[in-house]
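# kindly return the folded structure for what I paste below:
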Amino acid sequence: MPRYYDILQPYYHDDPMMIKYADIEHEMMAKYHNIVIERIEKYFKGSVKRQLMDIYQTKLKLIMGLRFTV
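Sure thing, here's the model as predicted:
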């Protein structure tokens, strides 16, 4: 089963106007975030792991900052 099926399936609706696109986006971003953190935790160690986590956290802060200033 595709990775995002479980997220999308509950939002299926015959009428596209009834689909909650913002909710889908939020859930997909949360899933993506979890996958990134999981991969960093699994495949990296030491200073490289810390640097990747720092880079990713900085990216998140920048994205969140941009969303609230627009």
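# and Asp15, how far is that from Glu38?
Per CB to CB, to the nearest Å, Asp15 is found 35 Å from Glu38. Using the backbone N, CA and C atoms, a C-beta is placed for each residue, glycine as well.
# these two - which one has more neighbours?
Between Asp15 and Glu38, Glu38 has the larger neighbour count (other CB atoms under 10 Å), namely 10 against 6.
# could you say which helix or strand holds the residue most central in space within the chain?
Most central in the chain under CA atoms, centre = their mean is Met29, positioned 2.4 Å from the mean C-alpha point. Using DSSP states H and E, Met29 sits in helix 21-43.
# number of nearby residues for Met18?
9.
# circling back: how close does the residue nearest to the centre of the chain sit to Met64?
11 Å.
# please name the residues that touch Lys61.
Not one residue lies near Lys61 by CB atoms under 8 Å, 6 or more residues apart in numbering.
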